[in-house]
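[1] output the structure for:
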Amino acid sequence: DSRRVCRPGDPEGSATFDLRLNAGSRPSDSTMLHATCTCPEAHPFAGMEVHVYKEKKVDVVIAKIGTNLRFPDADYASHEDDENEKLKQGVVKFRLHNYERDNGVTRVHYDLDGNRALSYDIANAGGAELDAIRRALRGTGRKTRVVIVRTMKSYYYLSAAVNDTDTTITVTAPSVFNYDPNYPVLLGTGATEETVHVTGSAVSTITITRGTPAYAHAEGDPLEFPAGGWASEPITIIEGNADLDVIKWTVPHEVSHHDLALRDVDDVTNTMHWQQAWTDHRLRYCPRTKMHEPGTQNQWDSIPRD
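    Numbering: from 1, shown residues only. Predicted coordinates for the structure are as follows:
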């Protein structure tokens, strides 16, 4: 309070408020804020230059798909205020809508291969099963579409046959493996399915270690990739074994990939942390280290503000 003298031992002041500044027609700018005395002359005694951004608004519609969901009654649109409390740090606002007016589950026959999961073809924008879901979602206009499914198997497919001794394989899309040599993934299907460990990747070439027995695999055989979601169209998110709160926070993570041009980063306090292991959900001006590619990203400046 500028109208009283602070004395030693006085408690520290505190305030909570939102200050909205108009960036005009520009996507971003800077401006000076001045602090003035309450006396009639209103003399300025301090100043600070601050960043000003045009607010980015994103309309999102969320559909729960399937018959075996763990959280069929989850109200994802009700998470809007919690998300925007964090997103406003980057001058972003999401408007969330449930696809079904009664917040029910949308029934779509998408399990075309009968594996009781959504089979996601990484090289082909999700492939045939996501196409079935895509066609079923009508009347969404220009909203960003998000679908929640119980489980998903994400696949790379071999672009060339391999024999039972090969330790490098090539696949039909550039690899996004952030590999852990101790993390097993499945190569092949049926009688020739085997567990391998990915130890390196470069573009579409993946290095693996193999156990016993190992098998030959034909061109087109799948290599499963562990993914909790994809920033596809529609955005695809799995329930998996995550808590409902974690699934709700996965929505702004994937929408931020899709609409805000934000990359996965290595920062557990950040919405874009590469794993579902958040301790906070902030967006940062100070550069964050990108996880799957070299360099850093200033998140505030990276957001398109058309």
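
[2] what sits closest to residue 192 if chain neighbours are left out?
    residue 215 (4.0 Å; C-beta to C-beta, 6 or more residues apart in numbering). Quick note: C-beta positions are derived from backbone N, CA and C, even for glycine.

[3] what sits against the one you found?
    Listed by C-beta atoms under 8 Å, 6 or more residues apart in numbering, the contact set of residue 215 reads 164, 188, 192, 194.

[4] likewise for residue 197?
    Going by C-beta under 8 Å, 6+ apart, residue 197 touches 181, 182, 183, 184, 185, 208, 209.

[5] contacting residues around whichever strand or helix holds the fifth one?
    Here residue 185 sits within strand 184-187, counting by DSSP states H and E. Contacts with strand 184-187, where a contact means C-beta under 8 Å, 6+ apart, come from 169, 193-198, 208, 217, 221-226.

[6] picking that back up, among the contacts of residue 215, name the buried ones.
    188, 194 (16 or more other C-beta atoms under 10 Å).

[7] in a markdown table, list the contacts of residue 215 along with secondary structure, distance to residue 288 and pLDDT.
    Formatted as a markdown table, the entries for the contacts of residue 215 read as follows, by DSSP: H, G, I helix; E, B strand; the rest coil; distance: C-beta to C-beta, whole Å; pLDDT from 0 to 100:
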| residue | secondary structure | distance to residue 288 | pLDDT |
| --- | --- | --- | --- |
| 164 | coil | 42 | 96 |
| 188 | coil | 37 | 96 |
| 192 | helix | 42 | 96 |
| 194 | strand | 37 | 97 |
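
[8] pick out the most distant pair among the contacts of residue 215.
    Of all pairs drawn from those, the widest gap by C-beta to C-beta lies between 164 and 188 and measures 10.8 Å.

[9] what's around residue 96, how many residues?
    24 (other C-beta atoms under 10 Å).

[10] what about residue 98, neighbour count?
    Neighbour count for residue 98, taken as other C-beta under 10 Å: 18.

[11] mind listing what the closest residue to residue 121 other than its chain neighbours touches?
    Ranked by C-beta to C-beta, 6+ apart and with sequence neighbours excluded, the top spatial neighbour of residue 121 is residue 127, at 2.9 Å. Residues touching residue 127, when contacts are defined by C-beta under 8 Å, 6+ apart, comprise 119, 120, 121.

[12] show the backbone phi and psi for the first one.
    Dihedral pair for residue 119: phi -90, psi 120, per degrees, to the nearest 10.

[13] residue 160 reaches residue 171, doesn't it?
    No. No contact is recorded between residue 160 and residue 171 when judged using C-beta atoms under 8 Å, the distance being 9.2 Å.

[14] brilliant, that's me finished.
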